[in-house]
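Colleague: coords below, sequence missing:
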């Protein structure tokens, strides 16, 4: 057989130096943007919101510092220091002020902040009191909805606290005609609008806002041209001089005009991308199908060599790592590792259904291997006609252990999207946003990360007849010990699901309205159709396709729990529901884990406290140090429960029941049902932008945090342990090898979870070594996709490396791993997330 | 071809999916229980006794085995893989194995077997021509040395190897390299000289000695007699690889 490995090359010295700048950077918080937007807002009170937003952006693009870093070919920065972050006080800010003094040394995603920056931000934050999107959203929410969030059934935290992002704009349009072209288009739309229609009043404001924004974007680039000319005077190095001259010429031309060279296309791409990130801090701003819209410029440019093009692409990859975002402490548990989720996808098919793989698809893979940083979130599309050579190369990239690329299956995603109303051509043109969410780029406001929903929490509430921590949270659906069949348990779970999904939607839509009212984004909107034709921002429903996508987390825990109940209680009758519940309520009577968990979770602490109070009476003060001992003495009785069965035995019994991930139909289909009940409930609803809800099944890294809010579950999982991630089996339970695990995962309904599903598989490097290993990995992807799986990604790093990196982080600062829908620098992750990654089943052969 | 009834049974002690070292592509290995040899380094000592016990081995019908094998048929198709029999010694279950091979071939799967080569001539004639690949162990040439470390003389095995070469489509010879037993230039040279007489041999695999089975011995109350030996690495085998290649035979280190 022919050798299929082709191996990746070394990057240029420039790219190495740029990469080193990123690795050496210490993330800081900078104040300029927050100060500028506040100054602008103070001057524009009384104007329409969309104009205020445009004027604020204009001021930022005129005033933000212009920074050209050493060695850069592609320029444009959001912050003075690399990998630092601006602040977006208009979305929310109270948390940041509250975290000022500890954000520099928190467990994950720390940011340094100087006293000066704190002072400047303090002044700014005072202005925004009562004016943020977050505060408006809260005022739209019912008490019951807030109670569900307080009980950690779901969180809408992402857009509640920050901008929305989660979009792939029509980069190709700007590359082709520049912002001058967009302004012309806007003027034309304005001219053609029906001036007698009442909407015209608002449309006119939107059009004006677009023109202000695009003009400012052009100005921003010209400031970079000027800066390059200025630097030229201080540069003695001849090569750098030539580069700066080129940069000046390119920035004079784009993004004002259409690109005429590959260099101009690269630079225009970056300005578009950077300015989107200045306008709002919504993450998951995704470059999408880079190999498609860039290819015409590569093909037509006879002056650029393959090596030069490669270096420019590498430079863009590094720039994508220059962007950063500050999140509140709780959100960093959900999204650990400074992720920006800038998903960039190559391969797949054209709108006409012809294979779209081209030379840039391969250069993009090479760039990922050159740069070896966490951004972009690199993805490949695979379909029946993808060339094997492309898939093999993608597997070779996967084998580097960076957790990329993620593999997506056209054969599932295209029909899943047409099922949501996309035309066939639009569905075939899909790109992936953020973690795993497919959308038609340039036409969609997908709100893909609208919420995370805790599926096992709903099961827990079901087992408590709607109660949560002794409060009636959901409807009364019957005491657990009275259920007579598995069907009755599932019916109660479904009824609870109806209630909680209703509130999930209510929360999402409250946030949605808040963004429409307070944060319409004219710059972003002008690059997504039909905003210009409709004269409406994305936030007000201007996009051609509108969705909201809340994710279910912990599907495997629910399926495994159903299976454990069915087997032990209803089939084999070795346990009663009462005994099962007693074991679970007491966390399998394991004091050790209660003691340990109490240090990490406030809720646990409260639980323990409540339990101890029950035992000791309401003493005025309780010495927490003695609690563990007391619990030990009183064992399970601390929770007022007692059972005749051997408690330790119960957990073992539950753990030994068949688990999802081993290609066993019964439990696999129960898992499918547990997840589908959620998905089907979600898709009943609509959002204020005129679109529908569609569920996804993926967790970012929130499965660790969500697990800390869920007691023991009938699958044998101890209280507060992480939930299963995405559609992956619970960690360590898929013991029948990778094909069995993929077969199980493929038995879920991936079509209905059209907002994306996520499957992590971990391999020891030895399992995929050599030519044969590469072929086998490629075959595994094809096989999983034949079974109609939607997405798969691999971590190819051995456990020992990860453990070593935990111990000596300074030696492993460039170790990048797959977290969930994204890769991150391992050492920047919170320890809980690190542990979760280490614990995932590793396939070794 | 005889009609497949699917009701024949055999003693299976494990079915392992996604095996990638025992033939091309992604494969499922069916481990059968019972072995006529008693190799001192055997890493599956629980598979030696042909009788199923409480912990080890399960009597399965052809239908049951096929149901398990079919679960990965997509992966065989995509990778050019299939199934591999191992053991124990699969030739101790000739009828059972033959039926599974027939059923697998009608699905278009690649079929392979790991064997000690220690079997009756009639059994070889029944099974070997049906397989796509035979992974044949040749551990040593001298009769008495072989007997000392495996419990049987190599005479029958070597005789069978020639027969297998006549009938097989492809033979891959595997040499477990065991210090104090065959890990010498002389022994490897002997084996190579012999292998040159066997037809249809595509390559020799050299398998470095490992003691991963040691714990199992204690668990099942047996004594592990090679306790004093250290694990070998692929690097230790490099000199032997040169010898094999010196004979003009392709050599692969490991599975």
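Modeller: Perfect, I can see it now. This one's a predicted model, so the numbers in the text were calculated from it and none came from an experiment.
Colleague: Show the low-confidence segments of the chain, by residue range.
Modeller: No chain in the question, so chain A it is. A:1-3, A:590-648, A:820-821, A:841-845 (pLDDT under 70).
Colleague: Can you look at chain B instead?
Modeller: Chain B contains residues with pLDDT under 70 at B:1-5, B:255.
Colleague: Which other helices and strands does the top strand by length along it contact?
Modeller: The longest strand of chain B (DSSP state E) is strand B:9-19. Applying 3 or more C-beta pairs under 8 Å, 6 or more residues apart in numbering or on different chains; DSSP states H and E, we find strand B:9-19 packed against helix A:738-746, strand B:27-32, strand B:58-61, helix B:62-70, helix B:94-105. Placement of C-beta: from N, CA and C, glycine included.
Colleague: rerun that using 10 Å as the cut-off
Modeller: helix A:738-746, strand B:27-32, strand B:58-61, helix B:62-70, helix B:73-79, strand B:82-86, helix B:94-105 (3 or more C-beta pairs under 10 Å, 6 or more residues apart in numbering or on different chains; DSSP states H and E).
Colleague: For those, give me CSV that also has mean neighbour count and distance to residue B:17.
Modeller: Formatted as CSV, these follow (neighbours: other C-beta atoms under 10 Å in any protein chain shown; distance: least, C-beta to C-beta, whole Å):
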stretch, mean neighbour count, distance to residue B:17
helix A:738-746, 27, 5
strand B:27-32, 25, 5
strand B:58-61, 16, 15
helix B:62-70, 18, 8
helix B:73-79, 23, 8
strand B:82-86, 26, 10
helix B:94-105, 20, 15
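Colleague: So for residue B:222, which of these sits nearest?
Modeller: Counting by C-beta to C-beta, residue B:222 lies closest to strand B:27-32 out of these; the figure is 18.0 Å.
Colleague: for the closest one, packing partners?
Modeller: By 3+ C-beta pairs under 10 Å, 6+ apart, strand B:27-32 packs against strand B:9-19, helix B:62-70, helix B:73-79, strand B:82-86, helix B:94-105, strand B:110-115.
Colleague: returning to what we had before: please state the offset of the longest strand of chain B from the chain centre?
Modeller: From the chain centre to the centre of strand B:9-19 is a distance of 13 Å (C-alpha atoms, centre = their mean, to the nearest Å).
Colleague: Which strand or helix spans the residue in chain A that chain B sits nearest to?
Modeller: Chain B sits closest to residue A:779 of chain A, with a gap of 3.4 Å, by C-beta to the nearest C-beta. Here residue A:779, judged by DSSP states H and E, is contained in helix A:770-786.
Colleague: how many degrees apart are that helix and strand B:27-32 in direction?
Modeller: If you take axes from the mean of the first three to the mean of the last three C-alpha atoms, to 10 degrees, helix A:770-786 sits at 100 degrees to strand B:27-32.
Colleague: Okay, now the sheet partners of the next helix or strand after helix A:770-786, with direction.
Modeller: Counting by DSSP H and E, the next helix or strand C-terminal to helix A:770-786 is strand A:791-796. Counting by DSSP bridges, the strands paired with strand A:791-796 are strand A:406-409 (antiparallel), strand A:760-763 (parallel).
Colleague: can you redo those as CSV with mean neighbour count?
Modeller: Below are the strands paired with strand A:791-796 laid out as CSV (neighbours: other C-beta atoms under 10 Å in any protein chain shown):
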stretch, mean neighbour count
strand A:406-409, 27
strand A:760-763, 26
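Colleague: Redo the helices and strands packed on strand B:9-19 as JSON lines? Include distance to residue A:101.
Modeller: Shown next, in JSON lines, are these (distance: least, C-beta to C-beta, whole Å):
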{"stretch": "helix A:738-746", "distance to residue A:101": "44"}
{"stretch": "strand B:27-32", "distance to residue A:101": "59"}
{"stretch": "strand B:58-61", "distance to residue A:101": "63"}
{"stretch": "helix B:62-70", "distance to residue A:101": "60"}
{"stretch": "helix B:73-79", "distance to residue A:101": "55"}
{"stretch": "strand B:82-86", "distance to residue A:101": "62"}
{"stretch": "helix B:94-105", "distance to residue A:101": "68"}
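Colleague: closest to residue A:76 out of the ones you listed?
Modeller: Closest among the helices and strands packed on strand B:9-19, using C-beta to C-beta: helix A:738-746, at 40.5 Å.
Colleague: Packing partners of the closest one?
Modeller: Contacts defined by 3+ C-beta pairs under 10 Å, 6+ apart place helix A:738-746 against helix A:555-565, helix A:665-682, strand A:760-763, helix A:770-786, strand A:791-796, strand A:842-843, strand B:9-19, helix B:73-79.
Colleague: elements contacting the helix or strand just after the second one?
Modeller: Note on helix A:665-682: by DSSP H and E, the next helix or strand toward the C-terminus is strand A:692-693. Here strand A:692-693 is seen to pack against helix A:486-518, strand A:545-548, helix A:665-682 when contacts are counted using 3+ C-beta pairs under 10 Å, 6+ apart.
Colleague: Next, work out how far apart residue A:420 and residue A:670 are.
Modeller: Separation of residue A:420 from residue A:670 (C-beta to C-beta, to the nearest Å): 26 Å.
Colleague: For residue B:76, give me its contacts.
Modeller: Going by C-beta atoms under 10 Å, 6 or more residues apart in numbering or on different chains, residue B:76 touches A:739, A:779, A:783, B:24-28, B:69-70, B:82-83, B:104, B:107-110.
Colleague: Please repeat the previous calculation with a cut-off of 6 Å.
Modeller: B:82, B:109 (C-beta atoms under 6 Å, 6 or more residues apart in numbering or on different chains).
Colleague: what about stretch B:163-183, how long is it end to end?
Modeller: Its start and end residues considered, stretch B:163-183 measures 26 Å (C-alpha to C-alpha, to the nearest Å).
Colleague: Hmm, I typed the wrong one, I wanted stretch A:546-553.
Modeller: End-to-end span of stretch A:546-553 (C-alpha to C-alpha): 23 Å.
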